[in-house]
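Peer 1: predicted model and sequence follow; I will ask about them next.
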Amino acid sequence: MNAGETIPVTVLGGSLGAGKTTLLNHLLTHAGDRDIAVLVNDMGSVNVDAELVAEESDLAVGDGVTELSNGCICCELQDDLETAVVRLARERSFDHLVVEASGVSEPGPVARLFVASRAAARYDVAGLATVVDARLFADTFGDGDPDRTVAEEGDGSVRPLSDLLVEQVESADLVVLNKRDLVSDAELAAVRDAVEALRPGATVVETTRGDVDADLLLSDLHDPDAPVGWRAALENDTGGDESDRDGHGGHGDHDHSDHSDHDHGGYGDHDHDDTTHAEATYGVTSFVYRRRAPLDPEGAAAVLGDLPDSVVRAKGSLWVAGAEDVHFTYSQAGPSAYVAAAGPWVASRPEFEQDTYRRNHPELDWHDDHGDRRTELVFIGRGMDEDALAAALDAHLLDPGASADAGDFPTDPGEEVALAEPTRERESVPTTGAASEGGR
Ligand SMILES: Nc1nc2c(ncn2[C@@H]2O[C@H](COP(=O)(O)OP(=O)(O)OP(=O)(O)O)[C@@H](O)[C@H]2O)c(=O)[nH]1
């Protein structure tokens, strides 16, 4: 590398036991004459992964492989990671850096480190690769063994594995469907469907024991502008002309403004996002439910806490009666669904703040009466009964200002409550190969 040149970085993510270390070893033994530096993060105090990688590749820890232990690099080890990568670039010359994030790290924040820190001057993100345990994914989003749908976070708390799987796929440029040998063709097709829906446009490859093509993995795959599935649906939808968004034109038989026979400010629709590759290729559809009216809290919680299995992912904003100043966000992935208080609506802030905000965000969808208050949810799934889903939510629409008790909904910014969550038992979480393959 010449002075001043940046080093490409590939961030490797994936759930616990998905096969990241196996893939890394495959990569190191098939790297040809490339000089690859590897940075491995492991959750335990002993960095098992670094040792395994070093062992199999004849590299000593501290030589080609640098270890960071005792934490998750997306949160408490960010500073260490930054220091380590800057030091690495100073002390050694190499062609490519691969960072293996622990199985519970979110790859996004790790990648951002290389864009927005001291490391940015030395590195360029070439891609985010997510290794998916195809077996685990099929189980989590298929029939679902609830005991397996839990992962432990760095701080010792638990969160549904399904959430993490979804996030790791959503941010990937390359999705490696590993453990091909443990799924049937039909299961693999279903996993591909879901992955395509969550991350349209990502490159998807199938591997056994991480036998990924080194050239592909190390190539420049990163598209920072490629939106994740749900965001793509939302953006495609809001990108339409105003008449579409008002439900007065455009999407013909998918326009459900007639579900709300009372006037909610003339803003009710339910549109297909019919532009995605996933839909054309895999029969995966998404649609946006958007209403300018508050939802009855209890009814909304009942519907959104028990979505049909056909929905793989749902996400968006909620306007909830009884808490009309709180902008709620909603996120569902497989068997888990959460509502969080994101803070006040812009329309609930003092007027001068509203003006400033709107000046700085001209794209903000603003309604004369309701400001930015809205319910706007995108649903991604296979074979969804969109009419039934829209009707189920419409049944709980109230008039703006209607009194209601928002009882269980969170109100402090950042506070989150579960509308649905899988069984939270730690002992069945696959943390090693033996455990992840047990019970199959
Ligand atoms: N059957 C099968 N087993 C695999 C495959 N790839 C990896 N494994 C096994 O799965 C287990 C976990 O693989 P690792 O490479 O350690 O996974 P990891 O993602 O690095 O795991 P963590 O670091 O704990 O997150 C090991 O026992 C591997 O031998 C595969 O394609 N098929």
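Peer 2: Cool, got the structure.

Peer 1: in the stretch 101-250 of the chain, which spans are helices?
Peer 2: 107-113, 134-141, 161-170, 185-198, 214-218, 229-238, 242-245 (DSSP state H, counting those that start in this stretch).

Peer 1: how is the chain partitioned into domains?
Peer 2: Using automatic domain parsing, the domain ranges for the chain come out as 7-226, 229-420.

Peer 1: state the distance from Gly371 to Pro297.
Peer 2: Gly371 sits at a distance of 20 Å from Pro297 (criterion: CB to CB, to the nearest Å). Backbone N, C-alpha and C define where each C-beta goes, glycine included.

Peer 1: then Thr6?
Peer 2: From Thr6 to Pro297 the distance is 50 Å (CB to CB).

Peer 1: same check, this time on Arg122
Peer 2: For Arg122, the distance to Pro297 - CB to CB - is 50 Å.

Peer 1: who has more neighbours out of these two?
Peer 2: Pro297 (23 against 19; other CB atoms under 10 Å).

Peer 1: which residue comes closest to that one once chain neighbours are left out?
Peer 2: Nearest residue to Pro297 in three dimensions, chain neighbours excluded: Ala406, at 4.6 Å (CB to CB, 6 or more residues apart in numbering).

Peer 1: and for that neighbour, the neighbour number?
Peer 2: Quick note: Ala406 (other CB under 10 Å) scores 20 neighbours.

Peer 1: again, but for Glu324
Peer 2: 18.

Peer 1: what does the one 5 residues further on give?
Peer 2: Burial of Thr329, expressed as a neighbour count using other CB under 10 Å, amounts to 15.

Peer 1: ok, Phe97 touching Thr6?
Peer 2: In this structure residue 97 is Leu, not Phe. No - with contact defined as CB atoms under 8 Å, Leu97 does not reach Thr6; the gap is 10.4 Å.

Peer 1: overlap in contacts of those two?
Peer 2: Shared contacts of Leu97 and Thr6, defined by CB atoms under 8 Å, 6 or more residues apart in numbering, are found at Tyr123.

Peer 1: picking that back up, contacting residues around the residue nearest to Pro297?
Peer 2: Ala406 neighbours (CB under 8 Å, 6+ apart): Pro297, Val320, Ala321, Gly322, Ala323, Val326.

Peer 1: just the residues you listed: which are in strands?
Peer 2: Among the contacts of Ala406, the members found in strands (DSSP state E) are Val326.

Peer 1: as TSV, the contacts of Ala406 with pLDDT and distance to the ligand would be great.
Peer 2: Below are these laid out as TSV (pLDDT from 0 to 100; distance: CB to the nearest ligand atom, whole Å):
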residue	pLDDT	distance to the ligand
Pro297	95	39
Val320	96	38
Ala321	95	43
Gly322	94	43
Ala323	94	39
Val326	95	37
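
Peer 1: of all the contacts of Ala406, which comes closest to Glu386?
Peer 2: Val320 (22.3 Å; CB to CB).

Peer 1: okay, now the closest one: neighbour count?
Peer 2: The burial count for Val320: 24, using other CB under 10 Å.

Peer 1: partners of it in the sheet?
Peer 2: Leu295 (DSSP bridges).

Peer 1: so Phe35 makes contact with Asp95?
Peer 2: Quick fix: residue 35 reads Asp, not Phe. Yes - counting by CB under 8 Å, Asp35 touches Asp95, with 4.9 Å between them.

Peer 1: let's see the pLDDT reported for Leu88.
Peer 2: With respect to pLDDT, Leu88 has a value of 77.

Peer 1: flag every buried residue along the helix or strand that contains it.
Peer 2: Per DSSP states H and E: Leu88 is located in helix 78-91. Buried residues in helix 78-91, defined by neighbour count with 16 or more other CB atoms under 10 Å: Gln78, Leu81, Glu82, Ala84, Val85, Val86, Leu88, Ala89.

Peer 1: and the longest strand along the chain, what does it pack against?
Peer 2: Secondary structure of the chain per DSSP E: the longest strand is strand 123-133. When contacts are defined as 3 or more CB pairs under 8 Å, 6 or more residues apart in numbering; DSSP states H and E, strand 123-133 packs onto strand 7-14, helix 107-113, helix 161-170, strand 174-178, helix 214-218.

Peer 1: turn the ones you listed into CSV, columns for distance to the ligand, mean neighbour count and mean pLDDT.
Peer 2: As requested, the helices and strands packed on strand 123-133 are exported to CSV (distance: least, CB to the nearest ligand atom, whole Å; neighbours: other CB atoms under 10 Å; pLDDT from 0 to 100):
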stretch, distance to the ligand, mean neighbour count, mean pLDDT
strand 7-14, 5, 26, 88
helix 107-113, 13, 22, 71
helix 161-170, 11, 25, 74
strand 174-178, 5, 25, 95
helix 214-218, 15, 18, 93
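
Peer 1: returning to what we had before: more neighbours: which of Leu97 and Thr6?
Peer 2: Taking other CB under 10 Å, Leu97 and Thr6 do not tie; Leu97 has more neighbours (24 against 16).

Peer 1: near the ligand at all, the helix or strand where that one lies?
Peer 2: Element membership for Leu97, per DSSP H and E: strand 96-100. No - shown here: strand 96-100 not in contact with the ligand (CB under 6 Å from any ligand atom), separated by at least 7.0 Å.

Peer 1: who touches that strand?
Peer 2: 7-12, 20-21, 24, 27, 34-41, 49, 53, 73, 81, 85, 88, 110, 123, 126, 218.

Peer 1: what lines up beside it in the sheet?
Peer 2: With DSSP bridges as the test, strand 96-100 pairs up with strand 7-14 (parallel), strand 36-41 (parallel).

Peer 1: and these: which comes nearest Met384?
Peer 2: Closest approach to Met384 among the strands paired with strand 96-100 (CB to CB): strand 7-14, 27.5 Å.

Peer 1: any idea of the angle that closest one forms with strand 174-178?
Peer 2: Relative orientation of strand 7-14 versus strand 174-178 (axes from the mean of the first three to the mean of the last three CA atoms, to 10 degrees): 40 degrees.

Peer 1: and the angle for strand 7-14 with strand 123-133?
Peer 2: 20 degrees.

Peer 1: next, the angle from strand 7-14 to helix 78-91.
Peer 2: Using the same axes, to 10 degrees: strand 7-14 against helix 78-91 is 140 degrees.
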